[in-house]
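Student: next one to model:
(one chain, ligands or ions: 2)
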Amino acid sequence: MTEDIKTQETNNLVAIAEQFALQGKVSGVQAFGSGNINDTFLVTQDFLKEQRFILQRINQQVFRQPQLIMQNMRTFTEHVRKRLQSNPLNRRWEVPRVLLTKDTQDYYQDADGSFWRAISFIEGTQSFDTMRDAEQAEEIGYALGMFHNLISDLPPEKLADTLEGFHITPLYLQYYEEVLPKTNIQQSIEVNYCLQFVEDRKVCAHVLENAKAQGTVPLRLMHGDPKINNVMFDTATGLAVSMIDLDTVKPGLVHYDIGDCLRSGCNPVGEETKQWESVYFDTDICRGILQGYLSVAKEFLTEDDYTYIYDAIRLIAFELGLRFFADYLAGDVYFKVKYPQHNLARALVQFKLTENIESQETKIRKIIQEMK
Ligand code: GN1
Ligand code: MG
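Tutor: Numbering: from 1, shown residues only. Ligands and ions are numbered 1, 2, ... in the order given. Okay, the predicted model is just below:
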C-alpha cells in the first residue's frame, strides 16, 4: 500500500470516528484486537474523561441486517441495566455502552455503504488470548454464568436473529457438502486428514439440534461467541468485569456458549497456533471454568442441561473446525485470513482439540457429574 493511500485511509477513519466523538477531538485511530469478521479500531480523543472508544465496521457479508444487532444491543443493555439497578452485584460488572452519532443514531453509514458503530471502551481492563491459570478459568466461567443469569428472565423472542443458522451444526455440514465438489484445493496429508475427520463425525453433528427439536434443552438467549478474549478483566484486581462482542446475542442454546467457552478456554496453546500437533484440552481448566460458571448458572440449569454439556464441548470444537475447513475449501470467503493456509491451520487446531476431547470423554463427563 502506498503512503498516499494509507494517509487517505487514516483520514477517512478519523472522519468516521468523529461522527461518534461528541465532545473530544479524535487524536488517533488504530487497528485493535483479533476479530475474524468485523474490522475493529481503538479511537483516542484528545481530552475528557472518556478518552477512548471502540469503532467497528460490521461485516455486512456476514451480518446482512446490522440494524438488528443494534436493536438487540438496545434491548439487552436496557434489560441488564434494570436488573443490576434492582439487584446490584457486590462486585464490578459492566456492560459495553453504544455511543450515538451527532444525529443521535446508533450507527453511521458512510458513502460506500459501510456500517459503522461505536462502543465504550471499558477502562482499566484487558483481555487474554489464552488462559493464565485455574483462577482465571473460574473467572471466565463466572463471566459467562453472570451473562446468562442476567438475561435468563428476558424472553428469547425479544431479541432478533442477527445471524441465521449460527451454531446450527447440521447447516454447516450441509454447506461443507455443497462446497466440497466445487473446490479446487490440492490434496495433502493435512487436507486428507480433515476430509476423513469430518466424514467420521457426520453422524454426531445433530446431537444438540435433536435435543432442541425434542424440547429436551430449551431455547434461551445466548452470547454466541463467549471465547476467552471476549471476557474483560480488571487490570488491578484480575477479576472478570465484562463480556464484550454482543453481535450474536440472540435466541439459541446456552450449550453453544458453554461449548464455545470451553473449547477456547481449555486449549492452552490457543486457536491460532501453527503447532497443531501440540493442541490438547486441559481438564483442570475445564473444571475451573465449570466451577465458575455453575456458581452462577446452577439456578437456571435443568438436569437435562447437564446431560448435554459434554456433547456441547465436543460438538462446538468440531463445528468450528468444520467452519474453518469449509471456508478454506470455499476460498476464504467468511473468516479473515492472514496467509493462504490460515483457515486450514485453524481447522487442524480444532480437529486436534476435538480428538483430544473425545479421548478424555470419561474424565470430562465425571467432572461435570461431580459438579452438579
Ligand atoms: C468469529 O470475529 P470473532 O473473532 O469475534 C466467529 C466465531 C468464532 C470465532 C473463532 C460471527 O468471531 O463464531 O468462534 O471467530 N464469529 C462469527 O475465533 O462467525
Ligand atoms: Mg465475535
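
Student: which residues of the stretch 101-250 of the chain lie near ligand 2?
Tutor: 225, 245 (C-beta under 5 Å from the ion). C-beta coordinates here come from the backbone N, C-alpha and C atoms, glycine included.

Student: let's see it at 6 Å
Tutor: Within the stretch 101-250 of the chain, the residues that sit near ligand 2 (C-beta under 6 Å from the ion) are 225, 245, 247.

Student: looking at neighbours, which among these is most surrounded?
Tutor: residue 247 (26 neighbours; other C-beta atoms under 10 Å).

Student: and that residue, what does it touch?
Tutor: 38, 58, 63, 69, 162, 163, 224, 225 (C-beta atoms under 8 Å, 6 or more residues apart in numbering).

Student: redo that, cut-off 7 Å
Tutor: Shown in contact with residue 247 (C-beta atoms under 7 Å, 6 or more residues apart in numbering): 63, 69, 162.

Student: ok, now residue 207?
Tutor: Counting by C-beta under 7 Å, 6+ apart, residue 207 touches 311, 315.

Student: just put the residues of the stretch 101-250 of the chain next to ligand 2 in a markdown table and tack on pLDDT and secondary structure.
Tutor: Converted to a markdown table, these look like this (pLDDT from 0 to 100; DSSP: H, G, I helix; E, B strand; the rest coil):
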| residue | pLDDT | secondary structure |
| --- | --- | --- |
| 225 | 98 | coil |
| 245 | 97 | coil |
| 247 | 97 | coil |
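
Student: could you list which of these also contact ligand 1?
Tutor: Filtering these for neighbours of ligand 1 using C-beta under 6 Å from any ligand atom leaves 225, 245.

Student: the most centrally placed residue in the chain and residue 284, how far apart?
Tutor: Closest residue to the average C-alpha location of the chain: residue 225 at 2.0 Å, with C-alpha atoms, centre = their mean. Taking C-beta to C-beta, to the nearest Å as the measure, residue 225 falls 24 Å from residue 284.

Student: go on, residue 53?
Tutor: Here the distance between residue 53 and residue 284 works out to 37 Å (C-beta to C-beta).

Student: for the two, indicate the residue with more neighbours.
Tutor: residue 53 (22 against 14).

Student: show me the contacts for the more buried one.
Tutor: Residues near residue 53 by C-beta under 7 Å, 6+ apart: 20, 43, 99, 118, 119, 120, 121.

Student: drop anything exposed from the residues you listed.
Tutor: Among these, those classed as buried by 16 or more other C-beta atoms under 10 Å are 20, 43, 99, 118, 119, 121.

Student: strands - which of those residues land there?
Tutor: 43, 99, 118, 119 (DSSP state E).

Student: quick one: pLDDT of the third one?
Tutor: Per-residue confidence (pLDDT) for residue 118: 97.

Student: what sits against it?
Tutor: Counting by C-beta under 7 Å, 6+ apart, residue 118 has contacts 20, 53, 54, 55, 99.

Student: number of nearby residues for residue 182?
Tutor: Neighbour count of residue 182, defined by other C-beta under 10 Å: 9.

Student: circling back to that earlier point, what is the nearest of the contacts of residue 53 to ligand 1?
Tutor: Nearest to ligand 1 out of these is residue 119 (C-beta to the nearest ligand atom; 13.3 Å).

Student: where's that closest one relative to residue 160, distance?
Tutor: 18 Å.

Student: likewise for residue 124?
Tutor: According to C-beta to C-beta, residue 124 and residue 160 sit 32 Å apart.

Student: repeat for residue 346
Tutor: Distance from residue 346 to residue 160, by C-beta to C-beta: 29 Å.

Student: so for the two, which sits in the more crowded spot?
Tutor: The residue with more neighbours, out of residue 346 and residue 160, is residue 346; 25 against 14, by other C-beta under 10 Å.

Student: returning to that earlier point: show me what contacts the residue nearest to the centre of the chain?
Tutor: 245, 248, 260.

Student: let's go with 10 Å and repeat that
Tutor: Residues in contact with residue 225 (C-beta atoms under 10 Å, 6 or more residues apart in numbering) are 35-37, 166-167, 243-249, 256-257, 260-261, 264.
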